[in-house]
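# No sequence on hand, only this structure:
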(Lines give C-alpha, C1' and ligand atoms only; values in the text may rest on other atoms or scores of the structure.)
Protein backbone atom coordinates (compact mmCIF):
# COMPACT_ATOMS: atom_id res chain seq x y z
CA UNK A 1 0.00 0.00 0.00
CA UNK A 2 2.19 2.77 -1.33
CA UNK A 3 2.00 6.20 0.19
CA UNK A 4 2.07 9.49 -1.67
CA UNK A 5 4.81 9.26 -4.27
CA UNK A 6 6.65 12.33 -5.47
CA UNK A 7 9.31 12.56 -8.11
CA UNK A 8 11.88 13.68 -8.67
CA UNK A 9 13.14 13.87 -5.10
CA UNK A 10 15.73 16.40 -6.16
CA UNK A 11 15.71 18.64 -9.19
CA UNK A 12 18.32 21.17 -10.25
CA UNK A 13 17.44 23.79 -12.82
CA UNK A 14 19.11 26.89 -14.22
CA UNK A 15 17.31 30.19 -14.22
CA UNK A 16 14.80 30.37 -17.04
CA UNK A 17 14.27 26.63 -17.36
CA UNK A 18 11.09 24.77 -16.57
CA UNK A 19 10.52 22.50 -13.57
CA UNK A 20 7.95 19.73 -13.49
CA UNK A 21 7.15 18.00 -10.24
CA UNK A 22 4.96 14.92 -10.13
CA UNK A 23 2.76 13.51 -7.43
CA UNK A 24 0.84 10.26 -7.31
CA UNK A 25 -1.65 10.26 -4.45
CA UNK A 26 -2.29 7.33 -2.20
CA UNK A 27 -4.49 4.64 -3.66
CA UNK A 28 -8.11 5.60 -3.32
CA UNK A 29 -7.37 9.28 -2.73
CA UNK A 30 -8.85 11.72 -5.20
CA UNK A 31 -7.85 14.97 -3.51
CA UNK A 32 -4.38 16.40 -4.00
CA UNK A 33 -2.72 19.39 -2.38
CA UNK A 34 0.57 21.09 -3.10
CA UNK A 35 2.54 22.93 -0.45
CA UNK A 36 5.83 24.79 -0.64
CA UNK A 37 8.38 25.09 2.13
CA UNK A 38 10.96 27.81 1.74
CA UNK A 39 14.15 27.61 3.86
CA UNK A 40 13.43 28.41 7.52
CA UNK A 41 9.71 28.69 6.78
CA UNK A 42 6.63 26.62 7.40
CA UNK A 43 4.57 24.91 4.75
CA UNK A 44 2.60 27.28 2.56
CA UNK A 45 -0.53 26.08 0.80
CA UNK A 46 -0.40 26.46 -2.96
CA UNK A 47 -3.25 24.60 -4.62
CA UNK A 48 -5.93 22.00 -4.02
CA UNK A 49 -7.08 19.78 -6.87
CA UNK A 50 -9.45 16.98 -7.55
CA UNK A 51 -9.39 14.91 -10.71
CA UNK A 52 -9.53 17.33 -13.66
CA UNK A 53 -10.52 20.23 -11.42
CA UNK A 54 -8.69 22.97 -9.59
CA UNK A 55 -10.67 23.58 -6.43
CA UNK A 56 -8.57 26.25 -4.72
CA UNK A 57 -5.49 27.91 -6.15
CA UNK A 58 -5.40 30.86 -3.81
CA UNK A 59 -1.83 30.06 -2.75
CA UNK A 60 -0.39 29.84 -6.23
CA UNK A 61 1.77 32.68 -7.55
CA UNK A 62 -0.12 34.41 -10.34
CA UNK A 63 2.55 33.87 -12.95
CA UNK A 64 4.76 30.98 -14.06
CA UNK A 65 3.10 28.40 -11.78
CA UNK A 66 0.42 25.95 -12.85
CA UNK A 67 -0.95 22.67 -11.59
CA UNK A 68 -3.06 19.91 -12.99
CA UNK A 69 -4.47 16.59 -11.90
CA UNK A 70 -5.64 14.77 -15.03
CA UNK A 71 -8.11 11.94 -15.17
CA UNK A 72 -5.25 9.52 -15.69
CA UNK A 73 -1.79 9.90 -14.26
CA UNK A 74 -0.15 11.93 -11.54
CA UNK A 75 -0.73 15.50 -10.51
CA UNK A 76 1.87 17.85 -11.94
CA UNK A 77 3.13 21.13 -10.57
CA UNK A 78 4.79 23.10 -13.33
CA UNK A 79 7.03 26.10 -12.83
CA UNK A 80 8.05 27.98 -15.95
CA UNK A 81 11.09 30.21 -16.25
CA UNK A 82 12.33 29.36 -12.79
CA UNK A 83 14.10 31.95 -10.66
CA UNK A 84 16.36 31.47 -7.64
CA UNK A 85 13.49 32.33 -5.31
CA UNK A 86 11.66 29.21 -6.48
CA UNK A 87 14.27 27.05 -4.73
CA UNK A 88 12.29 25.22 -2.07
CA UNK A 89 10.89 21.89 -1.03
CA UNK A 90 7.56 21.17 -2.70
CA UNK A 91 5.31 18.77 -0.86
CA UNK A 92 2.34 16.98 -2.24
CA UNK A 93 -0.39 15.62 0.02
CA UNK A 94 -3.52 13.61 -0.62
CA UNK A 95 -6.68 12.77 1.24
CA UNK A 96 -9.59 10.46 0.54
CA UNK A 97 -12.05 13.28 1.01
CA UNK A 98 -11.74 17.01 0.73
CA UNK A 99 -14.02 19.32 2.56
CA UNK A 100 -15.59 18.05 5.79
CA UNK A 101 -13.10 15.27 6.29
CA UNK A 102 -10.94 14.98 9.38
CA UNK A 103 -8.38 17.36 7.96
CA UNK A 104 -5.72 14.69 7.93
CA UNK A 105 -3.46 14.88 4.93
CA UNK A 106 -0.95 12.26 3.87
CA UNK A 107 2.24 13.87 2.65
CA UNK A 108 4.83 12.69 0.20
CA UNK A 109 8.55 13.01 0.92
CA UNK A 110 8.82 16.18 -1.11
CA UNK A 111 10.66 17.35 -4.19
CA UNK A 112 13.58 19.65 -3.55
CA UNK A 113 14.08 22.19 -6.30
CA UNK A 114 17.35 24.04 -6.54
CA UNK A 115 17.66 26.86 -9.05
CA UNK A 116 21.20 27.80 -9.96
CA UNK B 1 0.71 38.15 7.99
CA UNK B 2 1.12 34.89 9.86
CA UNK B 3 -2.19 33.44 10.92
CA UNK B 4 -0.58 30.50 12.73
CA UNK B 5 2.42 31.25 14.89
CA UNK B 6 4.88 28.98 16.58
CA UNK B 7 7.10 31.37 18.45
CA UNK B 8 9.71 28.88 19.59
CA UNK B 9 11.94 27.78 16.72
CA UNK B 10 13.46 25.11 18.93
CA UNK B 11 12.91 23.36 22.24
CA UNK B 12 15.23 21.08 24.14
CA UNK B 13 13.78 18.58 26.65
CA UNK B 14 15.33 15.79 28.66
CA UNK B 15 14.24 12.25 27.88
CA UNK B 16 11.39 11.14 30.14
CA UNK B 17 10.20 14.67 30.84
CA UNK B 18 7.20 16.45 29.36
CA UNK B 19 7.54 18.36 26.08
CA UNK B 20 5.14 21.25 25.56
CA UNK B 21 4.90 22.83 22.14
CA UNK B 22 2.86 25.98 21.73
CA UNK B 23 0.91 27.48 18.88
CA UNK B 24 -1.10 30.69 18.56
CA UNK B 25 -3.51 31.69 15.84
CA UNK B 26 -5.19 34.90 14.82
CA UNK B 27 -8.00 33.78 12.50
CA UNK B 28 -11.15 33.24 14.56
CA UNK B 29 -12.66 31.30 11.65
CA UNK B 30 -10.27 28.40 12.19
CA UNK B 31 -12.22 25.49 13.61
CA UNK B 32 -9.93 22.51 13.17
CA UNK B 33 -6.36 22.20 14.34
CA UNK B 34 -3.72 19.62 13.63
CA UNK B 35 -0.17 18.77 14.61
CA UNK B 36 2.26 17.26 12.14
CA UNK B 37 5.67 15.82 12.83
CA UNK B 38 8.50 16.00 10.34
CA UNK B 39 11.85 14.25 10.22
CA UNK B 40 14.65 15.60 8.00
CA UNK B 41 14.25 14.74 4.30
CA UNK B 42 10.80 13.27 4.90
CA UNK B 43 7.30 14.59 4.45
CA UNK B 44 5.24 15.68 7.45
CA UNK B 45 3.16 12.98 9.11
CA UNK B 46 -0.08 13.59 10.88
CA UNK B 47 0.11 13.30 14.64
CA UNK B 48 -3.07 14.46 16.31
CA UNK B 49 -5.94 16.87 15.73
CA UNK B 50 -8.66 18.69 17.61
CA UNK B 51 -11.94 20.24 16.63
CA UNK B 52 -12.95 23.62 18.01
CA UNK B 53 -15.87 22.03 19.84
CA UNK B 54 -13.41 20.28 22.14
CA UNK B 55 -10.71 21.58 24.45
CA UNK B 56 -8.67 18.44 24.76
CA UNK B 57 -7.80 15.39 22.70
CA UNK B 58 -5.54 12.61 23.86
CA UNK B 59 -3.82 9.83 21.95
CA UNK B 60 -1.30 7.79 23.87
CA UNK B 61 1.61 9.99 24.89
CA UNK B 62 0.25 12.93 22.91
CA UNK B 63 -2.36 15.39 24.14
CA UNK B 64 -3.50 18.53 22.40
CA UNK B 65 -5.16 21.33 24.36
CA UNK B 66 -7.20 24.10 22.78
CA UNK B 67 -8.00 27.43 24.42
CA UNK B 68 -10.34 29.19 22.01
CA UNK B 69 -10.65 32.39 24.00
CA UNK B 70 -6.87 32.79 23.96
CA UNK B 71 -6.57 31.45 20.40
CA UNK B 72 -3.91 29.12 21.68
CA UNK B 73 -3.20 25.43 21.42
CA UNK B 74 -0.48 23.26 22.80
CA UNK B 75 0.85 19.78 22.24
CA UNK B 76 2.03 17.81 25.25
CA UNK B 77 4.25 14.78 24.86
CA UNK B 78 4.82 12.71 27.97
CA UNK B 79 7.11 11.00 28.55
CA UNK B 80 9.39 12.36 25.85
CA UNK B 81 11.44 9.80 23.93
CA UNK B 82 14.50 10.17 21.68
CA UNK B 83 12.39 9.29 18.63
CA UNK B 84 10.27 12.35 19.31
CA UNK B 85 13.12 14.57 18.13
CA UNK B 86 11.70 16.20 15.00
CA UNK B 87 10.14 19.42 13.74
CA UNK B 88 6.54 19.83 14.84
CA UNK B 89 4.15 21.89 12.75
CA UNK B 90 0.90 23.32 14.01
CA UNK B 91 -1.79 23.68 11.32
CA UNK B 92 -5.30 25.08 11.19
CA UNK B 93 -8.22 25.02 8.82
CA UNK B 94 -11.59 26.67 8.32
CA UNK B 95 -14.74 24.71 7.67
CA UNK B 96 -13.60 21.42 9.17
CA UNK B 97 -11.90 20.24 6.02
CA UNK B 98 -8.44 19.88 4.63
CA UNK B 99 -8.77 22.72 2.16
CA UNK B 100 -5.76 24.93 2.39
CA UNK B 101 -4.35 24.06 5.77
CA UNK B 102 -2.40 27.00 7.21
CA UNK B 103 0.83 25.91 8.85
CA UNK B 104 3.08 27.51 11.42
CA UNK B 105 6.83 27.69 10.86
CA UNK B 106 7.48 24.72 13.08
CA UNK B 107 9.30 24.01 16.34
CA UNK B 108 12.36 21.81 16.34
CA UNK B 109 12.09 19.52 19.36
CA UNK B 110 15.32 17.98 20.60
CA UNK B 111 15.10 15.22 23.17
CA UNK B 112 18.30 14.92 25.16
CA UNK B 113 19.31 11.58 26.68
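Perfect, I can see it now. From a predicted model like this one, the values you see are computed outputs, not experimental measurements.
# now the strands for chain B?
Here chain B has its strands, by DSSP state E, at B:4-5, B:10-14, B:19-25, B:30-38, B:45-51, B:56-59, B:62-67, B:72-77, B:86-94, B:102-103, B:107-112.
# Of the ones you listed, which is nearest residue A:2?
strand B:45-51 (15.2 Å; C-beta to C-beta). Just so you know, the C-beta spots here come from the backbone N, C-alpha and C atoms, and that holds for glycine as well.
# out of the strands of chain B, nearest to residue A:48?
Comparing those by C-beta to C-beta, strand B:86-94 comes nearest, at 11.2 Å.
# which neighbours does that closest one have in its sheet, and in what orientation?
strand B:30-38 (antiparallel), strand B:102-103 (antiparallel), strand B:107-112 (antiparallel) (DSSP bridges).
# Make a markdown table out of these and add mean pLDDT.
Below are the strands paired with strand B:86-94 laid out as a markdown table (pLDDT from 0 to 100):
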| stretch | mean pLDDT |
| --- | --- |
| strand B:30-38 | 92 |
| strand B:102-103 | 90 |
| strand B:107-112 | 96 |
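# circling back: of all the strands of chain B, which one is nearest residue A:38?
Among the strands of chain B, strand B:102-103 sits nearest to residue A:38 (C-beta to C-beta), with 11.9 Å.
# Give me the pLDDT for residue B:99.
Here, the pLDDT recorded for residue B:99 equals 64.
# do residue A:38 as well
Taking residue A:38 on its own, its pLDDT is 88.
# What number of neighbouring residues does it come out with?
Residues near residue A:38, counting by other C-beta atoms under 10 Å in any protein chain shown, number 13.
# will you turn the strands of chain B into JSON lines that also has distance to residue A:106 and mean neighbour count?
Formatted as JSON lines, the strands of chain B follow (distance: least, C-beta to C-beta, whole Å; neighbours: other C-beta atoms under 10 Å in any protein chain shown):
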{"stretch": "strand B:4-5", "distance to residue A:106": "20", "mean neighbour count": "20"}
{"stretch": "strand B:10-14", "distance to residue A:106": "26", "mean neighbour count": "14"}
{"stretch": "strand B:19-25", "distance to residue A:106": "21", "mean neighbour count": "21"}
{"stretch": "strand B:30-38", "distance to residue A:106": "11", "mean neighbour count": "22"}
{"stretch": "strand B:45-51", "distance to residue A:106": "7", "mean neighbour count": "18"}
{"stretch": "strand B:56-59", "distance to residue A:106": "17", "mean neighbour count": "12"}
{"stretch": "strand B:62-67", "distance to residue A:106": "18", "mean neighbour count": "18"}
{"stretch": "strand B:72-77", "distance to residue A:106": "20", "mean neighbour count": "20"}
{"stretch": "strand B:86-94", "distance to residue A:106": "14", "mean neighbour count": "23"}
{"stretch": "strand B:102-103", "distance to residue A:106": "15", "mean neighbour count": "22"}
{"stretch": "strand B:107-112", "distance to residue A:106": "22", "mean neighbour count": "17"}
